[in-house]
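Enquirer: Next one to model:
(one chain, ligands or ions: 1)
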Amino acid sequence: MPTTGPATNWAGTITYGAARVHRPATVDALRATVAAADRVRALGTGHSFNRIADTSGDLVRLDGLPKTVRIDAAAGTATVGAGMRYAEIAGPLHAAGFALGSLASLPHITVAGSCATGTHGSGDTRRSLSAAVAGLRIVGADGGVRELSRAADPELLRGAVVALGGLGIVLDVTLDIEPAFDVAQWVYTGLPLDRMAADVDAVFGAAYSVSVFTDWHSGEGVAWLKRRADSDGTGPMPRRWLGAHRAERPHHPLPGVSPVHCTEQLGVPGPWHERLPHFRAAFTPSHGEEVQSELLVPRSAAPEAFAALRRLGPRMAPLLQVAEVRTVAADDLWLSPAYGRDSVALHFTWVKDTAAVLPVVAAVEAELMPLGARPHWAKLTADTPAETAARYDRAADFGALLRSFDPAGKFGNAYTAAF
Ligand SMILES: Cc1cc2nc3c(=O)[nH]c(=O)nc-3n(C[C@H](O)[C@H](O)[C@H](O)COP(=O)(O)OP(=O)(O)OC[C@H]3O[C@@H](n4cnc5c(N)ncnc54)[C@H](O)[C@@H]3O)c2cc1C
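Expert: All right, here's what the predicted structure looks like:
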């Protein structure tokens, strides 16, 4: 079984403490590795910006396992290899006439890593990617495989999907699917932030999926509207919208970066998986030279949160590459940052200098935590893991679930220790 030395995260800002990274080629080899290890946990594509994927033992990557996408059309689900990237499952799903209802800004990330951290896209009706999970198969501490499903164990599954890698190595994931659909993407520049704060529903209800990019400093934003052909229509969009101007050339979220990295815009309809992410699978997503932080606040607090960020705009400016505002519908997964409430997700792409960025992240959080913000599990935060855990009503239940699955803490790290 191939093993390598210490690994880093995608951004190159973290070198994991794990001594070895295993890449088993078979499920039996994976189970044997887990059974033999004192401490072990799964690593996806390492797109997280903190030590959530780390362990003092060994890491296991699943991308050497056979890549499988098994569609059950009657059930409306597809069971996919947990270590597969969304980019790898989208093609087979689309070819069979199916789609996922939501995707993150990039398709490069694994299904298990995304679902373990509550990863989300955008849309007033769009829940987190984790909320599409209908079932999991998990390799437990003894190497045995345990199966959970929404039908058989609904409450257990609600605790087990956003599990931060703490319950074991997820082997495959069953996802809700729906008939394939087309999306047309339009970009509007010069959206007044005053307008966005005054009418959150008009901005974010304007299409199936809406993102607004801003620097919180200029008073304006750039809105990306992803219109679903079968519900929003395919006709041309007006030149002016809420005070913004329709873009006549493609854009990248980061000012000055080539839009060749981005999914097609200018209203050209295309398959769901080639429009819902901002970034194309074949290119580096975002910038590559960055760190990220993100807070999900209750949607009802959005105008207050926007006002606070505009006050902080000048302080953020020297370190901020771009910020993004998205909406996420409430779900019922215990550790989902959108648990129990419709949310506005406030994302920040910072320069790649964690030490310089952290004090500003702390200043943002000092303003937004009193509004009920919860940090993204996979990004930078000034919170300790215990402080983040305390932001969840079901934290104690999750702690009990962790101990029932993994009494010896084989899959544990600083994040799971907080419960
Ligand atoms: C450029 C960029 C854009 C991003 N855009 C978005 C976005 O649009 N929306 C958003 O919400 N987030 C976004 N993120 C964050 C990203 O979704 C998370 O970092 C996610 O965890 C990445 O998945 P991964 O496969 O890289 O997971 P990793 O970082 O490898 O791991 C994350 C966690 O999942 C666990 N894990 C991984 N695989 C398994 C498994 N098989 N079984 C059990 N546990 C497992 C790990 O142990 C760890 O705890 C972005 C990140 C980057 C770098």
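
Enquirer: Now do the same for the residue of the stretch 51-200 of the chain found nearest the ligand: helix, strand or coil?
Expert: For the stretch 51-200 of the chain, the residue positioned closest to the ligand under C-beta to the nearest ligand atom is residue 113, at a distance of 2.2 Å. Every C-beta, even on glycine, is put in place using the N, C-alpha and C of the backbone. Following DSSP: H, G, I helix; E, B strand; the rest coil, the label given to residue 113 is helix.

Enquirer: my guess is it contacts residue 41, does it?
Expert: No. Contact criterion C-beta atoms under 8 Å: residue 113 and residue 41 do not qualify, at 11.0 Å.

Enquirer: who touches both of those two?
Expert: Shared contacts of residue 113 and residue 41 (C-beta atoms under 8 Å, 6 or more residues apart in numbering): residue 53.

Enquirer: which other helices and strands contact the strand ranked longest in the chain?
Expert: Across the chain, the longest stretch assigned as strand under DSSP state E is strand 182-192. Where contact means 3 or more C-beta pairs under 8 Å, 6 or more residues apart in numbering; DSSP states H and E, strand 182-192 is packed against strand 220-228, helix 229-232, strand 244-246, strand 270-271.

Enquirer: Which neighbouring elements make contact with the first one?
Expert: Counting contacts by 3+ C-beta pairs under 8 Å, 6+ apart, strand 220-228 is packed against strand 182-192, helix 193-198, strand 209-214.

Enquirer: give me the residue from the stretch 251-400 of the chain nearest the ligand.
Expert: Per C-beta to the nearest ligand atom, residue 378 is where the stretch 251-400 of the chain lies closest to the ligand, at 3.3 Å.

Enquirer: Not counting sequence-adjacent ones, nearest residue to that residue?
Expert: Ranked by C-beta to C-beta, 6 or more residues apart in numbering and with sequence neighbours excluded, the top spatial neighbour of residue 378 is residue 48, at 3.7 Å.

Enquirer: which ones are touching the one you found?
Expert: Going by C-beta under 8 Å, 6+ apart, residue 48 touches 9, 113, 117, 377-379.

Enquirer: how much space between the closest residue to residue 116 other than its chain neighbours and residue 315?
Expert: Of all residues not flanking residue 116 in the chain, residue 165 sits nearest, at 5.3 Å (C-beta to C-beta, 6+ apart). Per C-beta to C-beta, to the nearest Å, residue 165 is found 34 Å from residue 315.

Enquirer: So for these two, which residue has more residues nearby?
Expert: More crowded of residue 165 and residue 315, by other C-beta atoms under 10 Å: residue 165, with 28 against 15.

Enquirer: measure residue 24 to residue 124 for me?
Expert: Taking C-beta to C-beta as the measure, residue 24 falls 41 Å from residue 124.

Enquirer: try residue 196
Expert: Residue 196 is 14 Å from residue 124, where distance means C-beta to C-beta.

Enquirer: What of residue 330?
Expert: Here the criterion is C-beta to C-beta. By it, residue 330 lies 11 Å from residue 124.

Enquirer: so what sits against both of these two?
Expert: In terms of C-beta under 8 Å, 6+ apart, residue 330 and residue 124 are both contacted by the residues residue 342.

Enquirer: quick one: which of residue 24 and residue 124 has more around it?
Expert: Shown here are residue 24 and residue 124; by other C-beta under 10 Å, residue 24 has more neighbours (21 against 18).

Enquirer: A strand includes the more buried one, no?
Expert: No. Going by three-state DSSP, the assignment for residue 24 is coil, not a strand.

Enquirer: which residues sit in contact with it?
Expert: Residue 24 touches 1, 30, 33, 60, 62, 64-65, counting by C-beta under 8 Å, 6+ apart.

Enquirer: With pLDDT and secondary structure added, can I get these in CSV?
Expert: Putting the contacts of residue 24 into CSV (pLDDT from 0 to 100; DSSP: H, G, I helix; E, B strand; the rest coil) gives the following:
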residue, pLDDT, secondary structure
1, 57, coil
30, 98, helix
33, 97, helix
60, 97, strand
62, 98, coil
64, 96, coil
65, 97, coil
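
Enquirer: Out of the residues you listed, which end up buried?
Expert: 30, 33, 60, 62, 64-65 (16 or more other C-beta atoms under 10 Å).

Enquirer: which among those are in contact with the ligand?
Expert: With the criterion set as C-beta under 6 Å from any ligand atom, the members of the buried ones among the contacts of residue 24 near the ligand are residue 62.

Enquirer: of the buried ones among the contacts of residue 24, closest to residue 82?
Expert: Closest approach to residue 82 among those (C-beta to C-beta): residue 62, at 5.8 Å.

Enquirer: what about the closest residue to residue 138 other than its chain neighbours, distance to residue 271?
Expert: Distances taken as C-beta to C-beta, 6+ apart put residue 168 closest to residue 138, at 4.2 Å, once the chain neighbours are dropped. Residue 168 is 34 Å from residue 271, where distance means C-beta to C-beta.

Enquirer: These two: who's more crowded?
Expert: Using other C-beta under 10 Å as the criterion, residue 168 and residue 271 rank with residue 168 on top: 27 against 16.

Enquirer: Surely that one and residue 139 touch.
Expert: Yes. Contact status for residue 168 versus residue 139: in contact at 5.3 Å, counting by C-beta under 8 Å.

Enquirer: shared neighbours of these two, which are they?
Expert: With C-beta under 8 Å, 6+ apart, residue 168 and residue 139 have common neighbours residue 34.
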